[in-house]
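Participant: Got a predicted structure plus its sequence, pasted below:
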Amino acid sequence: MVDKPADGQSNLAAGGYDKATLDVEGTFTAKSLGIEPQPIELRIFATDYYPDRKPVYTAPYTFYVLNAEQHAIWITEQLTKWQRQSLEVRDRELQLYEANKKLRDLSADELDRPETRQQLERQADAERVNGRRLANLTESGKELLRQAARNPEIGVGHLDKWAEMLQILTDIAANRMPSVADLLKTASQAPRIAASGLPAENRPSAGQVRAEGSGNGTKNTSVQKPAAHGAVPRIADTESSQEPPGSLDGSPPKNGKPSTPSLHLPVTTLVGKALPKPNAPNQPSQESVGEAVTAQRDLLAEFEKVADELNTVLANLEGSTLMKRLKAASRQQYAIGTKINDHIDVAFGAARYVPALDPDAAEIMNRRSPLYTTAAVAPPERTPIDGEVGETLAKLARQEDQGIQKISYIMDDLAAYFDRRRLVQFKSVLDDMRHQDVLGGLRQVTDDIPIKQGLAISQCEYWSDTLDRWAEDLVDPACNGACPGCRCKGCLPPSIVLEVLKVLEGEINLREETRVAEQAKPAENADKHHTEAARLSQVQQDLDGRIVAVVARIRELPDGESDFAKDIALLGQVSKSMKDSTAILAGSETGPPAIAAETEAIELLLKSKRINPNGGGGGGSNPGGGGTGTTQDTALALLGAGLNQHEVREHQSSEQSVGETGVVWPEEFRAGLDQYFSHLESRPN
C-alpha cells in the first residue's frame, strides 16, 4: 500500500506557434519530487497551439522507485544472475582447456594434418568468442557495481572486493584470453614438416625454365624421372626477366591452409618484384599449443579464485540483505508503537469490553447466578473508537498485518538461504523465530491495537528489540562490509574514495537539473522558478558540506596533512566552486554562470579520482598475486575509468568482397553520378 500515490506534471520547455519540433531535456529525480517508493508511469506530452486540440502523449515509461532496503535486495538478485553467467563463461573455458590438452598430447605429425590445423583455428576462434563474452560480462558487472555504489546500505568493503574481482576479470578478458587465442592461431599456421608431397628439387617436372636464379638456371626440356611412387609432377614454363628479383627472393611462404600437390594446365610465369609478406611463425606447433595450455591453466586458476571470492561476497551480501530486512521490520514495529503512544491519551479506556470466562469459571458462576453466567460467556462487547483516532488505529492495524506478511517472507528466505549456504547462525535465528512464534505474536498485536493500546505498545517494543537482535545475530562481524581502511601508507580508505564518487555523481545530476530549470524558465512563473532555484541551491550546499566532511576525514588520518596535501588542496578548490554555485543558484540564476561553476567542480572531482592504472591481474604460480602491477589504490577508484593501457586490442581488417570486377570510375565522375541519382530519386512521381 502506497500512502501517497504520485500524481502531477511539470513543464519542460515553452514552445512557439512557429515551431514544428522541440528538442528539450528532462530529468526525473524521485527524491527531489518527494515521491516515496512505488511504481511510476511517466509520459511526455506536447500541446499544440491550435485551439481546442488535446495534448499528444508518448507511450508510458515505467519506473520503480525503491528505498535503500529494496534496492539492496534488487542488487543482490542481479548479482546472483551475474554470477551464474560468469560461471557459464568459466565452464566454457574449462571445455576449451580440456580440448587444448588433447591437442597438446598429439605428435608433431598429427598436429601437421590439415584437419588438426583446422581444429586449432576453431579453438582459437572459440577462445576469442569466450573472451568477448567475458568482456561484455565485466562491463555489465561494472554497471551493476555503479548501481550498488549509490546505496549507502551496501558496505564499502563488499564493493571494494567486488571492484577488485572485476579488475581481474577485465585483465583476463582483455589480455590473457586473446593471448591464448594468438598462441593457438600461431600453432595452426606453424611451418609444416612437409609443405608438399616432395621437396621442389625432387619432384618430377617438365617444361622450360628460362629465368636465372629461379630454378635450375638452365633449360630443361626433358622429363625427369619420378623420384618416388605416386609423386605429382609439375609443368614449368618460366620466362626470363632483366629486372632484379627484389623482395621475391627469399620471401617466406604464404600463410594459409596447407595444400596437396596436384597437376593442372601449364601456366607461364614471369619473375618480378613482389610485396613483402609478414614473416611466418617459426615456432613449432607443439610448442605453441603447450604455451597456450599453460597460459590457459593459469587463467583458469585465476578465474577459480575470483569465483570463490565472488561467492563469498555474494553470500555476505545476501546475509546482509536479510539482516537489513529484519532491521527494517524492527524499525516498523518501533514506529507503530510510537504512533500508538501518540494517541494513547485519547484512546486509552475508550474501547470497553467484558472478557469471557473460561468454562470452569462459568460453571462455578452458574451455580450462583444463571443470569450472570449468560453475561459471562457472551462475546466481548467492543465499542469502536470513533473519529480520527479510530481511523489512525485501524490504519496501524493494517500496517501491522502487512508487516506480518513481510516477516513470513523473511522466514521463508532464511530457510532457503540455509539450505543453500548451511551457515549455523541462520539456522539458529530461524529456529528461534519459530520457537517464539513471531507470526502469532504479531497477529495478537494486530488484534490488540484497537482495544488494548497499552498492551500493544509493550508488544511492539518487545518485537522491535527481538527482531533487531535477530538481525545482529545473522551477520558475522568480520563480513559486515565495513571499510577495509588504508591499504598502505599514502593510500586513501575506500570509504573516502566512494564518498567522492557519490558527490561527483550528485554534482553531475545537479548540473542536469539546473539545465532543465533554465530550459523551463520561460514556461514557468517567476515564483515557481525561484522556488526551484532555491532547492537546487540547497542541494549544492549539501554537496559542499559532504566535501568539507571528506576533507575533515582525510585530516584525521595518520599523517593526513602531509601524505594527502594535494588531495586536500584539490578538494578545497572543489568546495570553493561549489560555494560559488550555491550563491549563484540562490540568486535564481540557473543559466551559464551556474552551469560554469558546477562544471568546474565536476572537472576538479574527475581530476581527483584519476589513479595509477598499472595494475595486473596476476597469474603464473601465484594466481591473484597482482602480476607486475604496482598500484595500491582502492579498486573503487577505477569506477568509470576509460582506457586500459595494457589492453590487447584486436584490429579486424575489412575487405571489399563484391564490386571489385567492374569498371572503376574516376572520383569526379562518381560524385556527378551520385548527385544525378539523388535528384532523380527526389523528383515527385
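Facilitator: In hand now; what should we look at? Residues are numbered from 1 along each chain as shown.
Participant: hey, let's count contacts and neighbours off CA atoms from now on
Facilitator: Noted.
Participant: Roughly how far does Val89 sit from Ala135?
Facilitator: Applying Cα to Cα, to the nearest Å, the value for Val89 to Ala135 is 10 Å.
Participant: now do Ile602
Facilitator: From Ile602 to Ala135 the distance is 29 Å (Cα to Cα).
Participant: Tell me which of these two has more neighbours.
Facilitator: Ile602 (22 against 18; other Cα atoms under 10 Å).
Participant: Can you verify my assumption that the more buried one contacts Asn509?
Facilitator: No. With contact defined as Cα atoms under 8 Å, Ile602 does not reach Asn509; the gap is 10.5 Å.
Participant: Break down the stretch 551-685 of the chain into its strands, ranges please.
Facilitator: Ranges of strands within the stretch 551-685 of the chain are 618-619, 622-623, based on DSSP state E, counting those that start in this stretch.
Participant: Also the chain?
Facilitator: Counting by DSSP state E, the chain has these strands, from start to end: 38-42, 45-46, 56-57, 61-65, 205-209, 234-239, 269-270, 618-619, 622-623.
Participant: Let me see the contact set for Val445.
Facilitator: Glu400, Ala456, Gln459, Cys460 (Cα atoms under 8 Å, 6 or more residues apart in numbering).
Participant: In those residues, find the pair that's most separated.
Facilitator: Spanning the widest gap among the contacts of Val445 are Glu400 and Gln459, at 11.8 Å by Cα to Cα.
Participant: Flag the shaky bits of the stretch 51-200 of the chain, pLDDT-wise.
Facilitator: Scanning the stretch 51-200 of the chain with the threshold set as pLDDT under 70 gives 192-200.
Participant: now the stretch 451-600 of the chain
Facilitator: Low-confidence segments of the stretch 451-600 of the chain (pLDDT under 70): 475-490.
Participant: Ile449: how many residues sit nearby?
Facilitator: By other Cα under 10 Å, neighbour count at Ile449 equals 24.
Participant: so how far is Leu673 from it?
Facilitator: Computed as Cα to Cα, the Ile449 to Leu673 distance reads 86 Å.
Participant: again, but for Leu322
Facilitator: In terms of Cα to Cα, Leu322 sits 70 Å off from Leu673.
Participant: before we move on, what about Leu166?
Facilitator: 53 Å.
Participant: next one: Trp162
Facilitator: From Trp162 across to Leu673, the span is 58 Å (Cα to Cα).
Participant: ok, now Arg422?
Facilitator: From Arg422 to Leu673 the distance is 75 Å (Cα to Cα).
Participant: Touching, Glu589 and Ala533? I think so.
Facilitator: Yes. With contacts counted by Cα under 8 Å, Glu589 reaches Ala533, the gap being 7.1 Å.
Participant: and the two? which has more neighbours close in?
Facilitator: Using other Cα under 10 Å as the criterion, Glu589 and Ala533 rank with Ala533 on top: 24 against 21.
Participant: Touching, that one and Ala583? I think so.
Facilitator: No. Using Cα under 8 Å, Ala533 is not in contact with Ala583; the gap is 10.5 Å.
Participant: For those two, list the residues in contact with both.
Facilitator: With contacts defined as Cα under 8 Å, 6+ apart, no residue is shared by Ala533 and Ala583.
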